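Undergrad: prediction below, plus the sequence it came from.
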Amino acid sequence: MIRILCQIFRTGIITEPLSHTENEVIETGTKQEEAVGKYFSRSLTIRQVDSGSCNGCELEIHAVNNSFYNCEKYGIHFTASPRFADMLLVTGPVTRNMEIALKRTYNATPSPKLVVAVGDCGCNGGIFGESYASVGGVGKVIPVDVYIRGCPPTPADILNGILKAVSG
């Protein structure tokens with residue numbers, strides 16, 4: 001245990017310095033707060049659906065909730081039930097096993113609803129494409145309003161995509 005602590009003290013804190021994205025996130029967040037306040041009475045509720053991804057996009061979506069990006073500050077909340085959601089945030093290529101579940105989730109979401117496909121896999125199937133196990137992109141199963149490209153997209157890109165969907 002002491003050896004590990006000494007190693008930690010020798011190594012120090014290793015983190016990447018904050019880049020120019022901080023100003024971009026604040027600017028996007030401010031625009032998002034205005035749009036969410038205007039169209040959704042100051043609260044946008046999102047249901048995130050993993051339709052067969054590698055979880056790279058989910059890690060970035062979790063980062064949207066961390067203290068740096070802090071989407072809650074801008075009126076964005078995540079819910080476990082599609083019945084309370086205003087938006088579906090779908091990641092991954094739609095596997096054959098998840099096709100019916102994704103359709104049911106879409107149907108359970110009250111209208112008007114927004115759908116955002118996250119990542120290259122959500123947009124067009126990505127490296128998985130169409131196969132015996134995969135239908136392809138989210139747009140082949142349910143209608144999509146906004147596509148966020150990237151493998152995986154950055155949290156700033158995800159926030160910009162949500163803003164694009166909300167602003168119409």
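TA: On my side now, so go ahead.

Undergrad: could you say which helix or strand holds Glu34?
TA: helix 21-39 (DSSP states H and E).

Undergrad: what mean pLDDT does that helix get?
TA: The average pLDDT within helix 21-39 is 71.

Undergrad: partner strands of the very next helix or strand once past it, with direction?
TA: The helix or strand immediately downstream of helix 21-39 is strand 44-50, counting by DSSP H and E. Sheet pairing for strand 44-50, assigned by DSSP bridges, gives strand 76-78 (parallel), strand 87-91 (parallel).

Undergrad: make JSON lines out of the ones you listed and add mean pLDDT, mean neighbour count and distance to Asn65.
TA: No exception for glycine: its C-beta is placed from N, CA and C like everyone else's. Output for the strands paired with strand 44-50, formatted as JSON lines (pLDDT from 0 to 100; neighbours: other CB atoms under 10 Å; distance: least, CB to CB, whole Å):
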{"stretch": "strand 76-78", "mean pLDDT": "90", "mean neighbour count": "20", "distance to Asn65": "7"}
{"stretch": "strand 87-91", "mean pLDDT": "94", "mean neighbour count": "27", "distance to Asn65": "12"}
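
Undergrad: put together CSV for those strands, with distance to Ile46 on each row.
TA: Shown next, in CSV, are those (distance: least, CB to CB, whole Å):
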stretch, distance to Ile46
strand 76-78, 5
strand 87-91, 5
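
Undergrad: what's the closest of these to Lys103?
TA: Evaluated with CB to CB, the strands paired with strand 44-50 place strand 87-91 nearest to Lys103, the distance being 11.3 Å.

Undergrad: host element of the residue most central in space within the chain?
TA: Centroid check for the chain by CA atoms, centre = their mean gives Ile61 as the closest residue, at 4.4 Å. Ile61 is part of helix 56-64, with elements assigned from DSSP H and E.

Undergrad: tell me the mean pLDDT over that helix?
TA: 91.
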